[in-house]
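In: need a structure here:
(one chain, ligands or ions: 1)
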Amino acid sequence: MSKAKISLAGVSKSYISENEVTQALHKINLDFYFGEFVAITGESGGGKSTLLNVIGGMTGYDDGEMYVDGEPTFQYDDADWEEYRRRKVGYIFQDYSLIGHYTVLDNIVSGLFAMGKSKEEAESLAMTYIEKVGLKGYETHPANELSSGQKQRLSIARALAKQTGVILADEPTGNLDSETGLSIVKLLKEISKECLVIMVTHNYEQVEPYVTRKIRLHEGVIISDIQVRESKENKSDEKAGTADTGEVVSSSVSTEKNGKKETAESDEAAKYTDTWYAKFFVMLNLKTQRAKAMLFTLFLIVVSAVSFVLIGELNLKSDDICTKNYDGLAFARQSDKRISVKKKNGKKITADDIKQIKKIRYIENVDSCDYANDINYYIIEDRDYEMQYGMQITQREIQGSATPAFLKDDKFMLSTDCITKDDLKKGELPKKMDEVVMYSDDDKLIGKEMDCYFSAYNIWDGDDYIKCTVKVTGILKKKTTQVYFTKELCNMLSMNLDSSDFRLLYDYDVSMGDYKAKRKFIPVINNELKGNEVTLSKNLNGDYPGDGKHKLRIQKLDENGKADGDYIEEEMEVLSKKNEDSRNFMEVSREFFYKYYSPKYLQASVYIANYAKTDYILKKLEKSGYYAVSTYRAGATSKSDTKEQQRLVIIGICTAGLVVMFIAGFLILRAMMTLNVKEYIVFRFIGMKKGVLRRINYIELAIYCVIAMVVALVLAFILRLAGVGFITDITWYYRFGTYICFVLYNILLCAVTAMGFNHYVKRRFHQ
Ligand SMILES: Nc1ncnc2c1ncn2[C@@H]1O[C@H](COP(=O)(O)OP(=O)(O)OP(=O)(O)O)[C@@H](O)[C@H]1O
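Out: Reported below is the predicted structural model:
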């Protein structure tokens with residue numbers, strides 16, 4: 001008799017559960033030879049499956065020794081057993097253990113890939129064995145669409161294709177009707193001509209006519225080992241050698257070699273790394289398990305989207321500007337997007353400067369009339385105006401009370417610097433001082449004259465306001481409540497601030513008997529006045545000097561707005577003013593106005609896309625030669641404890657949210673993955689390397705994770721484009737570091753889940 005293929009010498013195996021030790025095998029001595037068809041029988045619990053699992057390298061043994069081709073296995077570690085399962089045995093399971101969503105071909109190819117075969121070789125071998133087990137024509141059928149008999153044939157083909165020389169079958173006919181079962185037994189008989197077949201069965205009568213040997217187990221002990229008929233071992237010894245080394249039996253895989261071919265083959269072999277196999281299975285899984293892929297991706301999209309918001313909110317709240325109150329003393333316009341700039345060399349801001357500044361990223365607009373940007377305006381925009389606000393104006397005119405509420409609307413002057421002709425739907429950009437452009441549905445607004453009210457409590461003294469009549473020359477394309485005024489009007493109204501070398505204030509002595517007082521006025525142009533004609537409000541609480549000629553002083557102011565003592569005296573013709581409410585204003589002729597004043601454009605307002613970019617833009621402006629200040633920061637100086645508390649609460653909620661979502665995400669994802677654990681166990685049984693399986697998990701999760709992150713980011717930017725408030729702010733605050741945190745959070749979640757699942761598979765496999 002030839003050398004035994006597999007030998008067990010005194011092998012024992014016991015299972016230790018909570019409070020029990022079960023001796024499944026007790027001092028088993030057995031030799032198995034090539035060409036044998038062995039039936040292992042015995043009553044339930046006798047140790048049949050344990051014996052098969054020990055022989056198959058799926059369960060370790062506690063005592064004794066198992067020899068494979070004469071070599072002992074006592075020194076085998078996990079990797080050796082893995083290699084053993086891969087190269088030495090083919091396993092047939094009672095429940096077929098197929099990958100249901102793979103095709104017939106892919107199920108066999110999977111087993112061959114586990115052995116490191118190339119794609120071409122694996123497919124060619126698979127086709128050979130598909131034909132051998134009678135499944136020709138079913139190559140592309142998914143395994144779960146096959147009948148029970150066909151499934152078992154496929155399971156046999158998968159084991160056979162590995163050409164290991166040893167086929168282990170655990171009740172392969174257990175789930176089949178007797179006719180189908182018989183055909184499988186016959187097939188195994190056929191197979192045993194070329195290898196050793198060991199089969200566990202409960203139905204010995206069925207296999208009796210075919211097997212060569214019968215081993216009966218009882219309570220882990222061999223109670224009989226009978227040679228039923230002569231095996232083919234002697235005839236087939238030579239063949240065994242070839243099968244052992246894993247050489248291909250089938251003629252379909254030619255072994256013709258020459259130098260050139262060898263190089264090509266070794267190149268080809270280098271391609272088939274663990275990563276290559278893992279990618280193959282990942283692609284196959286994605287193709288055949290779309291619902292699973294969708295489910296994982298959807299779940300991860302939710303996680304990504306929520307983590308994007310929570311990380312973004314944390315990032316946003318790391319800036320404590322949200323805890324400040326805005327006082328508006330320095331800059332009336334409460335806009336967190338405004339930056340006030342001045343040239344470091346003190347020169348005026350030219351059109352070239354504006355062009356240059358606009359080139360800086362995130363800067364949307366530049367208005368060279370900075371001071372006018374703090375002037376509040378109200379313009380009649382619809383026909384309801386008189387009804388809505390007429391009363392308040394009338395009251396103000398009569399009582400001289402505080403600025404009417406409508407002027408406190410969040411509407412501040414912007415000059416036509418901020419728009420171009422392209423922004424107009426119809427009409428022209430304003431040319432004359434009292435012309436404006438605005439948005440309206442009604443194109444007929446062009447040419448219409450409207451009353452416009454201005455007030456500027458931090459530029460002009462007190463709560464005074466002035467009324468002008470403006471004419472609409474163009475209609476804007478973009479729907480906005482903003483009206484754009486000429487630079488001349490903007491400058492005229494803010495001139496008492498924006499002129500460094502000759503700031504003007506009008507100063508005249510009021511004579512009331514012996515009492516002399518001084519009163520200052522802000523000059524505004526009235527086109528109807530000529531030469532030295534001026535109008536003053538009569539409503540001056542007794543300060544009105546009376547109609548007629550009066551001497552007025554024009555003071556020179558230094559850079560800080562202080563009168564240096566020098567003054568020019570002019571004789572003015574004072575006319576009483578019909579509009580009596582503007583007490584601090586003196587209407588002068590255009591000619592007189594420009595005699596003393598020329599616009600300087602020393603300070604400009606820069607409007608940025610979002611407050612989040614303030615630091616970046618301040619730095620850029622500083623580098624480009626400008627002093628720059630965020631008007632919002634300058635105005636928001638006092639801290640609110642309530643707002644600070646709210647900020648801390650949000651920071652706490654976001655942090656807790658991220659931690660909870662990580663743990664919940666891990667548990668849910670792992671639970672979802674365990675639904676597929678059986679497939680992983682099958683892969684391990686057929687000898688797939690742990691490394692390949694690990695990679696499959698990592699790559700699959702990485703793909704879902706990347707898709708989810710991309711979708712979450714795209715969603716966020718769509719919402720930002722749609723102007724969804726809180727998302728807009730969050731996205732603006734996202735910086736490189738924040739994106740890294742977002743990516744790391746999601747990748748870490750998937751990596752930890754994959755690791756957890758791999759660990760779970762390992763535990764399940766060793767159970
Ligand atoms: N994983 C395990 N943990 C604990 N005990 C086990 C385990 N597997 C098997 N056993 C025990 O070992 C003994 C042998 O079991 P085994 O499955 O090998 O018997 P069997 O002859 O194949 O039974 P059956 O015909 O019912 O499949 C039984 O008592 C069984 O309960």
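
In: According to the record, where do the domains of this protein fall?
Out: As given by automatic domain parsing, the domain ranges for the chain are 286-318+642-766, 371-494, 506-596.

In: okay, those in a markdown table with mean pLDDT next?
Out: Output for the domains of the chain, formatted as a markdown table (pLDDT from 0 to 100):
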| stretch | mean pLDDT |
| --- | --- |
| domain 286-318+642-766 | 92 |
| domain 371-494 | 78 |
| domain 506-596 | 74 |
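
In: Which of the ones you listed sits closest to the ligand?
Out: With C-beta to the nearest ligand atom as the measure, domain 286-318+642-766 is the member of the domains of the chain nearest the ligand (9.6 Å). From N, CA and C alone the C-beta is placed, and that goes for glycine too.

In: now that closest one, how far from the centre of its chain.
Out: Relative to its parent chain, domain 286-318+642-766 has a centroid offset of 9 Å by C-alpha atoms, centre = their mean, to the nearest Å.

In: So is it next to the ligand?
Out: No: judged by C-beta under 6 Å from any ligand atom, domain 286-318+642-766 stays clear of the ligand, getting no closer than 9.6 Å.

In: Determine the longest helix present in the protein.
Out: For the chain, the helix that runs over the most residues, judged by DSSP state H, is helix 641-674.

In: Which SSE is immediately downstream of that helix?
Out: helix 677-685 (DSSP states H and E).

In: Need the CA coordinates for that following helix. CSV is fine.
Out: Extracted as CSV, the C-alpha positions of helix 677-685 are listed here (Å, rounded to 0.1, in the frame of the first residue of the first chain):
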residue,chain,number,x,y,z
VAL,A,677,-21.1,37.2,7.5
LYS,A,678,-21.9,33.8,6.1
GLU,A,679,-20.3,34.7,2.9
TYR,A,680,-17.1,35.7,4.6
ILE,A,681,-17.1,32.4,6.5
VAL,A,682,-17.6,30.6,3.2
PHE,A,683,-14.7,32.5,1.7
ARG,A,684,-12.5,31.5,4.7
PHE,A,685,-13.6,27.9,4.3
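
In: what angle do the helix or strand following that helix and helix 677-685 make?
Out: Heading C-terminal from helix 677-685, the first helix or strand you meet, by DSSP H and E, is helix 690-721. Going by axes from the mean of the first three to the mean of the last three C-alpha atoms, to 10 degrees, helix 690-721 is angled at 140 degrees with respect to helix 677-685.

In: Pull out the buried positions in helix 690-721.
Out: Within helix 690-721, the residues that count as buried by 16 or more other C-beta atoms under 10 Å are 690, 692-709, 711-713, 716, 719-720.

In: Run a quick check on D336 versus Y632, I expect a contact.
Out: Yes: when contacts are counted by C-beta atoms under 8 Å, D336 is listed as touching Y632 (4.0 Å).

In: Those two: which has the busier surroundings?
Out: Using other C-beta atoms under 10 Å as the criterion, D336 and Y632 rank with Y632 on top: 20 against 17.

In: For the chain, what lies in contact range of the ligand?
Out: The interface of the chain toward the ligand, taken as C-beta under 6 Å from any ligand atom, is made up of 15, 17, 22, 24, 42, 44-50, 767.

In: what comes into contact with the host helix or strand of V38?
Out: Using DSSP H and E, V38 sits in strand 37-41. Outside of strand 37-41, the residues within contact range by C-beta atoms under 8 Å, 6 or more residues apart in numbering are 32, 48, 51-52, 188-189, 192, 196-202, 204, 207-208, 210-217, 231.

In: What of stretch 358-369?
Out: Contacts for stretch 358-369 (C-beta under 8 Å, 6+ apart): 337, 349, 354, 357, 373, 413-415, 417-418, 487, 490-491, 494, 498, 601, 604-610, 613, 616-617, 620-621, 624.

In: Quote the end-to-end distance of that stretch.
Out: 15 Å (C-alpha to C-alpha, to the nearest Å).

In: how about the helices in the stretch 401-550 of the chain?
Out: Using DSSP state H, counting those that start in this stretch, the helices found in the stretch 401-550 of the chain span residues 487-494.

In: What of the stretch 151-300 of the chain?
Out: Secondary structure of the stretch 151-300 of the chain (DSSP H, counting those that start in this stretch): helices located at 178-191, 204-207, 233-244, 259-271, 274-288, 290-317.

In: can I get those helices in CSV with mean neighbour count?
Out: Below are the helices of the stretch 151-300 of the chain laid out as CSV (neighbours: other C-beta atoms under 10 Å):
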stretch, mean neighbour count
helix 178-191, 18
helix 204-207, 16
helix 233-244, 16
helix 259-271, 10
helix 274-288, 17
helix 290-317, 19
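
In: Next, format those as TSV and append distance to Y733.
Out: Formatted as TSV, those follow (distance: least, C-beta to C-beta, whole Å):
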stretch	distance to Y733
helix 178-191	66
helix 204-207	73
helix 233-244	66
helix 259-271	46
helix 274-288	35
helix 290-317	5
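
In: Point out the one among those helices that comes closest to K595.
Out: helix 290-317 (52.2 Å; C-beta to C-beta).

In: sorry, back to before: what's the overlap in contacts for D336 and Y632?
Out: By C-beta under 8 Å, 6+ apart, the residues touching both D336 and Y632 are I321, Y611, T614.

In: contacting residues around the first one?
Out: Spelled out, it's I321. D336, Y611, Y632, R633, A636 are the contacts of I321 under C-beta under 8 Å, 6+ apart.

In: Max pairwise distance over those residues: which two?
Out: Checked with C-beta to C-beta, the contacts of I321 reach their widest spread between Y611 and A636, with 10.5 Å between them.

In: on that earlier part again, name the next helix or strand downstream of the strand holding V38, please.
Out: Once the chain leaves strand 37-41, the next helix or strand it forms, by DSSP H and E, is helix 48-55.

In: For that next one, output the C-alpha coordinates as PDB.
Out: Extracted in PDB, the C-alpha atoms of helix 48-55 (Å, rounded to 0.1, in the frame of the first residue of the first chain):
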ATOM      1  CA  LYS A  48     -18.500  12.900  12.300                       C
ATOM      2  CA  SER A  49     -18.500  16.600  11.400                       C
ATOM      3  CA  THR A  50     -15.700  17.300  13.900                       C
ATOM      4  CA  LEU A  51     -13.600  14.600  12.300                       C
ATOM      5  CA  LEU A  52     -14.200  16.100   8.800                       C
ATOM      6  CA  ASN A  53     -13.400  19.600  10.100                       C
ATOM      7  CA  VAL A  54     -10.200  18.400  11.700                       C
ATOM      8  CA  ILE A  55      -9.200  16.800   8.400                       C
END
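
In: Wait, K344 touches Y626, no?
Out: Yes: the pair K344 / Y626 is scored as a contact, 6.4 Å apart, by C-beta under 8 Å.

In: neighbour count winner among those two?
Out: Y626 (23 against 12).

In: List phi and psi for the more buried one.
Out: Taking degrees, to the nearest 10, you get phi -120, psi 150 for the backbone angles of Y626.

In: Report the contact partners of it.
Out: By C-beta under 8 Å, 6+ apart, the neighbours of Y626 are V341, K342, K343, K344, I357.

In: are any of the residues you listed buried, and which?
Out: Members of the contacts of Y626 classed as buried by 16+ other C-beta under 10 Å are V341, K342, K343, I357.

In: Relative to V104, which of these is nearest.
Out: Scanning the buried ones among the contacts of Y626 for proximity to V104, where the rule is C-beta to C-beta, the winner is I357, at 69.1 Å.

In: wait, what's in contact with the closest one?
Out: With C-beta under 8 Å, 6+ apart, I357 has these contacts: V341, I363, V366, A604, V606, L621, S624, Y626.

In: Which ones among those residues lie within helices?
Out: Going by DSSP H, the helices hold L621 from these.
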